[in-house]
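**Student:** Have a look; sequence and predicted model below, questions after that.
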Amino acid sequence: MSITDLNTLVAILLAISLATERFVTFCKNLVPWLVDQPGRSIVKPQAKTAEWARRLVVQLLSIGVAWSVAGFLVAGYAWNPFGRMAFDDKGTHLMPVFIVGLLASSGSALWSSILGLTSAAKDLRKQTVIDRDDVQPHTFDHG
């Protein structure tokens, strides 16, 4: 697997993660119980249990939405939540859709950071090849 394939996979995970976060936020607005309330006391055992249940429901909703969205990316071009998704041009690298959904549900901030790291690694690799081969980058001479 090349760094370009990895970069593509991370970009797909970031896009699914952003879509999932938007939908979960929409659902939180529809169901007031799901909204995080900063002033909520979790000192009492009942409040602690209720907060734990709220977080569990939000996380399960996030996983379900990400899995459903990833189901549209299967190799057969039809929605299949149990299929496999190709993330390279040749279709040789396949990943199960449920794993894509699980990874995408971890949050867009994580995947945005990882996308930045993979892009930096790709640029560093390109610069290393240029330095090793002593090849000058393409420039246009307008003279």
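**Tutor:** Everything's here; your move.
**Student:** just the strands in this structure please.
**Tutor:** 84-86, 94-96 (DSSP state E).
**Student:** So in that sheet, which strands flank the last one, and in what orientation?
**Tutor:** Same thing as strand 94-96. strand 84-86 (antiparallel) (DSSP bridges).
**Student:** Give me the contacts around the partner strand.
**Tutor:** Residues outside strand 84-86 that contact it (CB atoms under 8 Å, 6 or more residues apart in numbering): I12, A70, L73, V74, A75, T92, H93, L94, M95, P96, V97, V100. The way it works is simple: take the backbone N, C-alpha and C, and place the C-beta from them, glycine included.
**Student:** so what's the backbone phi/psi at the fourth one?
**Tutor:** Dihedral angles of V74 (phi, psi; degrees, to the nearest 10) stand at phi -70, psi 160.
**Student:** try the fifth one
**Tutor:** The main-chain torsion angles of A75 are listed as degrees, to the nearest 10 and equal phi -60, psi -30.
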